[in-house]
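Peer 1: would you be able to build a 3D model of this:
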Amino acid sequence: MANRTNYSPLAQDAEPPEISDVLTDPQAPPIYYGEGRFSPPSSISDDEYTDREKLLDPSRVERGSLDDGDMDRVNVMREPGGLSLGRKRMSPLRCLVLSLGSLVLLAVLLGFLAARTYNQTSYRYRAPGNKHITMDHVFNGTFAADKRSLAWVSEAGDGIYSIEEEGSIKLVDLSTQTNRTLVKRSDVKDEHGNQLVFSSWSLSADASHVLLKTDYLKQYRHSSFGNFYLHRLSDGRTFPLVPPSNPPRVVHAAWSPTGRSIAWVMGNDIYVVKDPSPDVTPLRLTYSGNATLFHGVPDWVYEEEVLSSASALWWSPTSSHIAYLSLDETNVLEYVVPVYNPTGDASSVIPYGGDPIKIKYPKPGYGNPLVQVAVCDLTAIPTNLTTDAVSKIVQGTVKNATTILSWDKQLKPEDQIVSEVAWVGNETLIVREVGREAREGHVVLFDVGKTGKVAKGKIVRVKGEKGEEGDKGWIESEQNIVPLKQTPGYLDILPTPKGYNHIALFSPPDSSDPIWLTSGEWEVTGSVLAVDETHGLIYFQAAKHSSIARGVYSVSLPSAKVLNSRAPVPKPAEPVALTDDSTLAWYSASFSPQGGYYVLNYDGPAVPWQKVIGVETKGQTQEESVNYVLTDNDELNKTSAAFQMPFITRSTIESDGYELNFMEIRPPNMDETGRKKYPVLFRVYGGPGSQMVHSRFDRDWHHYLACSLQYIIVVVDGRGTGFKGRKLRNPIRGNLGYWEVVDQINAARIWASKQYVDSKRIGIWGWSYGGFMTSKVLEADAGVHTLGMAVAPVTSWRLYDSVYTERYMGLPDNNPEGYVNASITKVDGFRHANYLLAHGSGDDNVHFANSAHLLDMLTQAKVRGFRFRMFTDSDHSIRQRGAYRELHEWMTEYLKEKWGSGPRQRGW
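Peer 2: Numbers count the residues shown, from 1 in each chain. Predicted structure coming up:
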């Protein structure tokens, strides 16, 4: 799950309750919310208008329901594309006169607006079209935006990126507006003269060789195997890094930051070659790698939940040292995922099935991989010493050059997770450790020293409740450290005392006190985008204008002179916006290595576009040296203008004093007067730190439901979700699925009270954590939801991986009641709603055992009114043999079967 919303997968806070008021020791939360089951009136009852305010439970919802009468009193953000109809009924004559006048005015206005564009985008206002969105449009890419990424080639200089054109890889120099051919694909041939087909490439630091990856074979989310070749640019010769194999054996290869050395991992051991050529034998740094001991690469859980990377080795800036993780999975139990049909043809019959997938998958309370951090000093190994030398001499020399890092107060091996390793100087290394329960942790500094011998580490920062977080929440598993070259120290992103994530400078590197470079009741998102040390600027993305928006900003970096003077560092200055900070929008950027150029992405809410911009600093001002459109998506603008589009509203509601973001996707020309009653489907994810309410351009299955079936789609980010500070995130600690479910039920009650909503047709659906949320909502049996659809849900947190689960729930032995209450344990609520359940049998993330467990409970309780489908061999994304579209078509038919299409007419 890893805090992602791939499978689905904010405005300033009002003052919520103090964290101490809601973070008590885990209690057994009640399953039922409010006083008894919620019983909405008939969808076509004439008494609905007078009774609708009584539908709110005042013990849970403390502010108005944001019905039509409330809309003018809150900050409501709407996308163009639909009409917002009034609420008050008019006399027929007045209505006719106003309608005729409005039509004339509208015709004039549309003619005027059709010629206008946003001054910073290619989005055009047009009269809404009349074509209807179909499932084909959703799945065939009709509304897919053209988005290009520039692959910056730092080894060739700042502002140089690569393109592939006419069978050649070319380097484009933005400063000179010229390009040159780096390598032609037709020139890349193996020793037999056969052209090699490579899937990725990288250039050595000295720009002498190109490393090519062929025979791509996917492993996990980030990792893959391949056969690697080196193409020497001076003579055009291509030769293998290691002899190729089938299947390929090399899982990771990386150039050194200087020169042309390469480190790679094969058979879970690390190899290095200092100057690649066909005649050079590599140096082996580790000898113990096997199926359960990993050197330089992560195992499954570290790749999925900790590092989010295929690599666990790090070159030092001068290429003199390599730091790496060693992970011992001996005590991690194996989970077996069956494979019924290993072919791409569903009609194939495989009598004994395919080879099962075996994964060392740690679960809560069971053994985790044991981790060590090692540093190898390559300068202590003679350059002529290779694996051809006498084995004992080689192993002894490498062993003497390698140090296993340690420090005082180091967490116990069985409780330790190393979440980050980063070089912050030529001979200075940072290691971040956290405990299994993510309550305590340390940032440890190591100085390699000129002798090459690593001294014992020094704890320079303390994490957790007694450290930088300072509350009862959890320590995030992130890699945000950015080393500085000209300034002694490094940048990191951590929560301020008020609980908002901001950029901090630690200078010198052994400092324990952060120098805050940004601050405020908003959050920096992700990692620092770039640092231009020459001009003293840091670039970053932030949810500053709104928590559901993103902008790109710069802030000044204190100079080394200021820091060395020991004078007080000024308070953080207001960041400079590189994007329009006055309107709701979603921007991102990709900067060149030294920050001189960037690709600016406008991702919504209008049709996306991209620009390439060069930054030239003159004194205290910055000017654009380059500014051209990379993509304008003009065709998508034209396509979108031909279709009926939904009307999207974004605002906030309150639940237990917490301000929650919502997004409402309405059918085109929806009647808000109450004469028609529309079904409402809530879309939920809700995992810790996630976000589903956004301002990006999006046209997917939910827009099809809104436009073609005339359903209202509502998304609410409840407690536990991200980008509104730790006060909103922390309450779910130890109680996953409780407060988040309360918020979803409160939101459903708010919408049930709206005059345009059919309160008998309110449902919820979600995938992964969203499937868990959907199932918990139906388990709660609050009476407001009549339908739920869960895809690949967690049903018991004892069945999910330990690193993710224990971060939020703690160890099962320390929170037994919490684990029970956070799982599906009572199934009587499933009798009172229509329930659809889907899961892939090959899911290596949320195992099929979760759905099997729920099905078993439903069987034992004789609950029969549900619909279930297993998708054979599909993993968590459910895409095997056409499954993804089939899943959505099946869910669509289920909705139409249970609810029908469109609103129901109110009787007058």
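Peer 1: straight-line length of stretch 592-602, end to end?
Peer 2: 18 Å (Cα to Cα, to the nearest Å).
Peer 1: with stretch 612-629 instead?
Peer 2: Using Cα to Cα, the span of stretch 612-629 from its first residue to its last is 6 Å.
Peer 1: tell me the buried residues in it?
Peer 2: By 16 or more other Cβ atoms under 10 Å, the buried positions in stretch 612-629 come out as 612-615, 617, 622, 626. Glycine gets a C-beta too; all of them are placed from N, C-alpha and C.
Peer 1: got TSV for those, with secondary structure and pLDDT too?
Peer 2: Formatted as TSV, the buried residues of stretch 612-629 follow (DSSP: H, G, I helix; E, B strand; the rest coil; pLDDT from 0 to 100):
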residue	secondary structure	pLDDT
Val612	strand	96
Ile613	strand	95
Gly614	strand	93
Val615	strand	87
Thr617	strand	71
Gln622	strand	71
Val626	strand	90
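Peer 1: closest one of the residues you listed to Leu411?
Peer 2: Val615 (43.1 Å; Cβ to Cβ).
Peer 1: bridging residues for that closest one?
Peer 2: Under DSSP bridges, the beta-bridge partners of Val615 are Glu624.
Peer 1: ok, residues contacting stretch 212-223?
Peer 2: 188, 196-201, 224-231, 238, 244, 246-248, 251-253, 297-298, 300, 303-304, 308-310, 844 (Cβ atoms under 8 Å, 6 or more residues apart in numbering).
Peer 1: looking at the residues you listed, which are in helices?
Peer 2: Trp300 (DSSP state H).
Peer 1: hang on, Trp767 packs against Gly686?
Peer 2: No. The criterion here is Cβ atoms under 8 Å, and Trp767 misses it with Gly686 at 11.1 Å.
Peer 1: more crowded one of those two?
Peer 2: Each of Trp767 and Gly686 has its neighbours counted (other Cβ atoms under 10 Å); Gly686 has more, 31 against 28.
Peer 1: list the contacts for that one?
Peer 2: So Gly686 contacts 692, 717-718, 720-721, 740, 744, 766, 769-770, 773 (Cβ under 8 Å, 6+ apart).
Peer 1: now it: how far from Arg237?
Peer 2: Look at Gly686 and Arg237: by Cβ to Cβ, to the nearest Å, they are 55 Å apart.
Peer 1: before we move on, what about Asn179?
Peer 2: Separation of Asn179 from Arg237 (Cβ to Cβ) stands at 24 Å.
Peer 1: go on, Glu469?
Peer 2: Glu469 sits at a distance of 54 Å from Arg237 (criterion: Cβ to Cβ).
Peer 1: doesn't Glu635 fall inside a helix?
Peer 2: Yes. Per DSSP: H, G, I helix; E, B strand; the rest coil, Glu635 lies within a helix segment.
Peer 1: count of neighbours near it?
Peer 2: 10.
Peer 1: next one: it from Ala642, what distance?
Peer 2: Distance of Glu635 to Ala642, computed by Cβ to Cβ: 11 Å.
Peer 1: which ChimeraX command selects the buried ones in the contacts of stretch 212-223?
Peer 2: Applied in ChimeraX, the following selects the buried portion of those according to 16+ other Cβ under 10 Å:
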select :188,196,198,201,224,225,226,227,228,229,230,231,238,244,248,251,252,253,297,298,300,303,304,308,310,844
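Peer 1: from the contacts of stretch 212-223, which land in strands?
Peer 2: Counted as lying in strands by DSSP state E, out of these, are 198-201, 224-231, 238, 251-253.
Peer 1: what about Glu469 and Arg237, which has more around it?
Peer 2: For Glu469 versus Arg237, neighbours defined as other Cβ under 10 Å are more numerous around Glu469 (24 against 15).
Peer 1: how near is the nearest residue to Ser316 once chain neighbours are set aside to Ser319?
Peer 2: Using Cβ to Cβ, 6 or more residues apart in numbering and skipping the chain neighbours, the partner closest in space to Ser316 is Trp423 (5.1 Å). Trp423 is 11 Å from Ser319, where distance means Cβ to Cβ.
Peer 1: same thing with Leu203?
Peer 2: Leu203 is 15 Å from Ser319, by Cβ to Cβ.
Peer 1: ditto for Lys213
Peer 2: 21 Å.
Peer 1: got the buried residues for stretch 867-875?
Peer 2: In stretch 867-875, residues buried by neighbour count (16+ other Cβ under 10 Å) are 871, 873-875.
Peer 1: and stretch 463-477, how far from the chain's centre?
Peer 2: Taking the mean of its C-alpha atoms, stretch 463-477 sits 21 Å from the chain's own mean (Cα atoms, centre = their mean, to the nearest Å).
Peer 1: in it, which residues are buried?
Peer 2: Here stretch 463-477 shows 463-464, 467-469, 471-477 as buried, counting by 16+ other Cβ under 10 Å.
Peer 1: where in the stretch 51-200 of the chain is pLDDT low?
Peer 2: Low-confidence segments of the stretch 51-200 of the chain (pLDDT under 70): 51-128.
Peer 1: likewise the chain?
Peer 2: Looking at the chain by pLDDT under 70, you get 1-128, 383-390, 450-452, 618-621, 907-908.
Peer 1: show me how it divides into domains.
Peer 2: With domains defined by automatic domain parsing, the chain comprises 26-82+638-902, 194-332+367-403, 405-465, 480-631.
Peer 1: looking at those, which is nearest to Gly353?
Peer 2: Counting by Cβ to Cβ, Gly353 lies closest to domain 26-82+638-902 out of the domains of the chain; the figure is 9.4 Å.
Peer 1: quick one: contacts for Tyr819?
Peer 2: Counting by Cβ under 8 Å, 6+ apart, Tyr819 touches 364, 796-798, 809, 812.
Peer 1: could you redo the last one with a cut-off of 10 Å?
Peer 2: Contact analysis of Tyr819 by Cβ atoms under 10 Å, 6 or more residues apart in numbering lists 26, 364-365, 734, 736, 796-798, 805, 809-813.
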